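Peer 1: just coords:
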């Protein structure tokens, strides 16, 4: 039962990494960087990422 807190913290950390990665991709930010920030700082990285504006699409995104 003592390990419950550890598993809960690990689950929150993993969820934060996944959420940061998805939000960063949606906002055209560097998803690996923001996933790493969430891995280091946990859910504290998410509010900062949510406040940042989306980047405009680059020429590379619109070219086929």
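Peer 2: Here it is on my side, so go on. Keep in mind that what you see is a predicted model, and the values were worked out from it rather than measured.

Peer 1: going forward, measure contacts between C-alpha atoms and count neighbours the same way
Peer 2: Will do.

Peer 1: Mean pLDDT per helix and strand in this structure: which one sits at the bottom?
Peer 2: When each helix and strand of the chain is scored by mean pLDDT, DSSP states H and E, helix 59-62 comes last, with a mean of 59.

Peer 1: which residues are in contact with the helix ranked longest in the chain?
Peer 2: Under DSSP state H, the helix in the chain containing the largest number of residues is helix 4-26. Here helix 4-26 makes contact (Cα atoms under 8 Å, 6 or more residues apart in numbering) with 30-32, 34-39, 42-43, 45-46, 49-50, 54.

Peer 1: Quick check: next helix or strand after the one helix or strand residue 38 maps to?
Peer 2: In this assignment (DSSP states H and E), residue 38 forms part of helix 31-41. Sequence-wise, the next helix or strand downstream of helix 31-41 (DSSP H and E) is helix 45-51.

Peer 1: Can you check what angle separates the helix holding residue 38 from helix 4-26?
Peer 2: Using axes from the mean of the first three to the mean of the last three Cα atoms, to 10 degrees, one finds that helix 31-41 and helix 4-26 are set 160 degrees apart in direction.

Peer 1: which other helices and strands contact helix 31-41?
Peer 2: Helix 31-41 sits against helix 4-26, helix 45-51, with contacts defined as 3 or more Cα pairs under 8 Å, 6 or more residues apart in numbering; DSSP states H and E.

Peer 1: Looking at those, which is nearest to residue 58?
Peer 2: For residue 58, the closest of those is helix 4-26, at 13.5 Å, according to Cα to Cα.

Peer 1: buried stuff in that closest one?
Peer 2: Judged by neighbour count using 16 or more other Cα atoms under 10 Å, the buried positions of helix 4-26 are 13-24.

Peer 1: And the closest residue in space to residue 42 that isn't next to it in sequence, how far from residue 34?
Peer 2: Using Cα to Cα, 6 or more residues apart in numbering and skipping residues adjacent in sequence, the residue nearest residue 42 is residue 13, 5.2 Å away. Distance, residue 13 to residue 34, using Cα to Cα, to the nearest Å: 13 Å.

Peer 1: and if you look at residue 18?
Peer 2: As judged by Cα to Cα, residue 18 and residue 34 stand 10 Å apart.
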